[in-house]
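Participant: please work out how this folds:
(2 chains)
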Amino acid sequence: MSPTSSTTLGVAPLGPAAEAYRRAARRRAWLGGLVCLGLLASVTADVLIGPAALSVPAVLAAILRPDTADPAALTIVWTFRLPTALMAVLIGSALGVAGTLAQTILNNPLASPYTLGVSAAAGFGAALAMVCGAGLLPFAGVLLVPLSAFFFATLSVAAIYAMARRQRGTSESLVLGGVALLFLFNAGVALLQYLASEDQLQAIVFWLFGSLEGATWRKLAVLAATLLVVLPWLGAKSWQLTALRLGDGRAQALGVEVKALRLTMLLVLSVLTATSVCFAGSIGFIGLVAPHLGRMAVGEEHRFLLPVTAALGALLLSGASVASKLVVPEAAFPIGIATAFLGVPFFASMVLARKGNHW
Amino acid sequence: MIIEARNLSFAYGATTVLQDVSLRLQPGVTAIIGPNAAGKSTLLKCLAGLLHPTGSVWFDGKALDARQRHRLLGFLPQNLPTGQSMTVFETVLLGLLPDLTWRVGSEELQRVQAVLDDTRLAEVAERPLGRLSGGQLQMVLLAQAIVKAPTVLLLDEPTSYLDLRHQFEVLALLSRLTEKRGLVTVVALHDLGLAARFAREICVLSAGRVHAVGPPTTVLTAAMLAAVYGVEATVVTGAEGRPWVIPAGLVPGQPTAE
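Facilitator: Residues are numbered from 1 along each chain as shown, chains lettered A, B, ... in the order given. From the prediction side, this is the model:
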């Protein structure tokens, strides 16, 4: 240890620049905490509000004292409201993190999980299952649709991965490969819609809107397990991801194995996106906006940015779920539409209110 | 620390960029000069372990892999950073990779503060990179390369984009650091005057081969400038016995550099 780094009191005072950095880090941690508080409030509201007019005490009784609660309230709360509210949190987190990874590894502010065609591929897989599979298997809607969505999402990632490896794993090759697949799968979905019966067409369109209906504890367990594996691992890679924001050449000079990191992160973001899309359909926008709001709030350091975008993604989706219940109380309004309608004006106002460039 | 590069050759696909380059690098500033596409950047990347040439590089007699080399050396590539919103402090802090963990401790913060003080960047520590002048930006990148206290510094044209004063400041700082810490500093330069002023040794690369190596007075000659650059020049002896190059015109009958 250098002579300047210790004093008789044990620790030397930090210099002004280091102190300012430490203060900024504390501020970022507090902001993260604030977003989590907002999320908690939103999830609470999401559980308390719903088409069935349950009173607040009835909902609380169903959660806190399930043995003595009204059976109808119990079913509503434990089968519908809690899984849906928690699904919003997990899907929002997964999409927020996937969006941050997409923007970082592609070094592109327009990137989102959908840029790489993963969502379009999942949509195609779901539509294919709805058109071709419904007559073949009795459990088509329950299992075949998400499985097919996940399969095609994985297939699209494998294709992009193979293309990118041939092109030395540059961000340009990933974007080009992804956009090409996006168009291909969108054309595939259009073809299926053209071939579909009226009922199938309706099912496809509703699925493409994105919806949290159909949330179950089993789906939640899969999503939670995915996030529990991915998030701590991303935490360990957070400084390397931050270095990637300086560009490939500089990240390499800092000892980051850029190609390997980019391709690994491509797989991670695809797993997150595919898992989300196969359970909830295409919920756009969150993966684009949460990372930008996160960058505005806490800057580029991914040790703050990743958890904050996870919380922001969750807050956006949960908030949209609450808002859609307030606006259209009697119907299950597709959440994908609500997120865009509510989120775009909010996002635009945030961007316009800010003087500097956050990217 | 002594670095020995033995018979390095490297090709990008079918294009050979380095051919049988052997060099012995000792503590002090060594300038790598040569025309565009002579292989200067490629040589630095090969020394840094970012490219894998044929031949070998020895650090005090030891062959080190890229990870071991990274702990030992600071490399400043030519590319400018893309993340414009990152702050100066964060950018310099990244120079401590791969030793950064989730929690950034006081020791890391002190080290960044010390380097910011040395490079006179402390006042702009919270400023995003996008709002720095070219000179400040180059200084930040230099600070990033030296924050982990490397024993070898490899710098690829650290003075491009800078005006004369800033060029001088950057090289004077490098020179001071090199002397104070006994570093092996290898710097690719286009400016022959600065190379003559600051380098202990100059290595001239031409079409991927070493054309000449030695102290500035023996390397910077009219004959070398005509042969390597295709430029007629007068070389005079200036202050401290350092050579000064005064270009006169192109050597007649030679193809242009590119």
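Participant: off-centre distance for stretch A:148-157?
Facilitator: Using Cα atoms, centre = their mean, to the nearest Å, the distance from the centre of stretch A:148-157 to the centre of the chain it belongs to is 17 Å.
Participant: repeat for stretch A:217-237
Facilitator: On Cα atoms, centre = their mean, the centre of stretch A:217-237 falls 12 Å from the chain's centre.
Participant: for it, which outside residues touch it?
Facilitator: In this structure, residues lying in contact with stretch A:217-237 by Cβ atoms under 8 Å, 6 or more residues apart in numbering or on different chains are A:83, A:86-87, A:90-91, A:93-94, A:97, A:101, A:241, A:261, A:265, A:268, A:271-272, A:275-276, A:279, A:302-303, A:306-307, A:310, B:102. For the C-beta atoms, the positions are set from N, CA and C on the backbone; glycine is no exception.
Participant: so for that stretch, mean pLDDT?
Facilitator: For stretch A:217-237, the per-residue pLDDT values average out at 92.
Participant: could you do stretch A:15-23 as well?
Facilitator: Over the span of stretch A:15-23, the pLDDT mean works out to 94.
Participant: residues contacting that stretch, please?
Facilitator: With Cβ under 8 Å, 6+ apart, stretch A:15-23 has contacts from A:13-14, B:89-90, B:93, B:106, B:109-110, B:112-114, B:116-117, B:122, B:125-126.
Participant: and stretch B:141-148, by the same measure?
Facilitator: Where contact means Cβ under 8 Å, 6+ apart, the residues beyond stretch B:141-148 that reach it are A:250, A:253-254, B:71, B:74-76, B:81, B:91-96, B:99, B:111-112, B:115-116, B:118-119, B:121, B:153, B:155, B:158, B:170, B:173-174, B:177.
Participant: restricted to strands, list those.
Facilitator: Among those, the ones falling in strands (DSSP state E) are B:74-76, B:153, B:155.
Participant: sorry, back to before: out of the contacts of stretch B:141-148, which end up buried?
Facilitator: A:250, A:253-254, B:74-76, B:81, B:91-96, B:111-112, B:115-116, B:118-119, B:121, B:153, B:155, B:158, B:170, B:173-174, B:177 (16 or more other Cβ atoms under 10 Å in any protein chain shown).
Participant: where in the chain is pLDDT low?
Facilitator: Picking chain A for this. Low-confidence regions of chain A, defined by pLDDT under 70, span residues A:1-12, A:134-142, A:168-169, A:332, A:355-357.
Participant: my question was about chain B
Facilitator: Judged by pLDDT under 70, chain B has its weakly predicted residues at B:254-258.
Participant: the strands in it, which residues?
Facilitator: Secondary structure of chain B by DSSP E: the strands cover B:3-12, B:15-25, B:28-33, B:54-59, B:73-76, B:152-156, B:184-188, B:201-206, B:209-214, B:231-237, B:243-250.
Participant: kindly reformat these as a markdown table containing distance to chain A.
Facilitator: Listed next are the strands of chain B as a markdown table, based on distance: least, Cβ to the nearest Cβ, whole Å:
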| stretch | distance to chain A |
| --- | --- |
| strand B:3-12 | 11 |
| strand B:15-25 | 16 |
| strand B:28-33 | 17 |
| strand B:54-59 | 16 |
| strand B:73-76 | 4 |
| strand B:152-156 | 9 |
| strand B:184-188 | 14 |
| strand B:201-206 | 20 |
| strand B:209-214 | 24 |
| strand B:231-237 | 30 |
| strand B:243-250 | 30 |
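Participant: need the ones you listed in JSON lines with distance to A:L31, can you?
Facilitator: Supplementary listing: the strands of chain B in JSON lines, determined by distance: least, Cβ to Cβ, whole Å:
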{"stretch": "strand B:3-12", "distance to A:L31": "46"}
{"stretch": "strand B:15-25", "distance to A:L31": "48"}
{"stretch": "strand B:28-33", "distance to A:L31": "45"}
{"stretch": "strand B:54-59", "distance to A:L31": "45"}
{"stretch": "strand B:73-76", "distance to A:L31": "33"}
{"stretch": "strand B:152-156", "distance to A:L31": "38"}
{"stretch": "strand B:184-188", "distance to A:L31": "42"}
{"stretch": "strand B:201-206", "distance to A:L31": "51"}
{"stretch": "strand B:209-214", "distance to A:L31": "55"}
{"stretch": "strand B:231-237", "distance to A:L31": "58"}
{"stretch": "strand B:243-250", "distance to A:L31": "56"}
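Participant: quick one: closest of those strands to A:A45.
Facilitator: In terms of Cβ to Cβ, the element of these nearest to A:A45 is strand B:73-76, at 52.3 Å.
Participant: and the contacts of stretch A:15-23, which two are furthest apart?
Facilitator: Checked with Cβ to Cβ, these reach their widest spread between A:P13 and B:E90, with 21.3 Å between them.
Participant: give me the more crowded residue out of the two.
Facilitator: Neighbours around A:P13 and B:E90, counted as other Cβ atoms under 10 Å in any protein chain shown, are more numerous at B:E90. The numbers are 24 against 11.
Participant: show me what contacts the more buried one?
Facilitator: By Cβ under 8 Å, 6+ apart, the contact list for B:E90 reads A:21, A:242, A:299-301.
Participant: again, only using 7 Å
Facilitator: Neighbouring residues of B:E90 by Cβ atoms under 7 Å, 6 or more residues apart in numbering or on different chains: A:300-301.
Participant: for the one 3 residues further on, same thing?
Facilitator: For B:L93, the contacting residues are B:108, B:112, by Cβ under 7 Å, 6+ apart.
Participant: what sits up against stretch A:261-280?
Facilitator: The set of residues external to stretch A:261-280 that reach it, using Cβ under 7 Å, 6+ apart, is A:87, A:91, A:94-95, A:97-98, A:101-102, A:105, A:113, A:118-119, A:122, A:146, A:149-150, A:153-154, A:157, A:160-161, A:164-165, A:169, A:174, A:210-212, A:219, A:222-223, A:226, A:230, A:240, A:244.
Participant: which of those fall in helices?
Facilitator: Restricting those to those inside helices, with DSSP state H as the criterion, leaves A:87, A:91, A:94-95, A:97-98, A:101-102, A:105, A:118-119, A:122, A:146, A:149-150, A:153-154, A:157, A:160-161, A:164-165, A:174, A:219, A:222-223, A:226, A:230, A:240, A:244.
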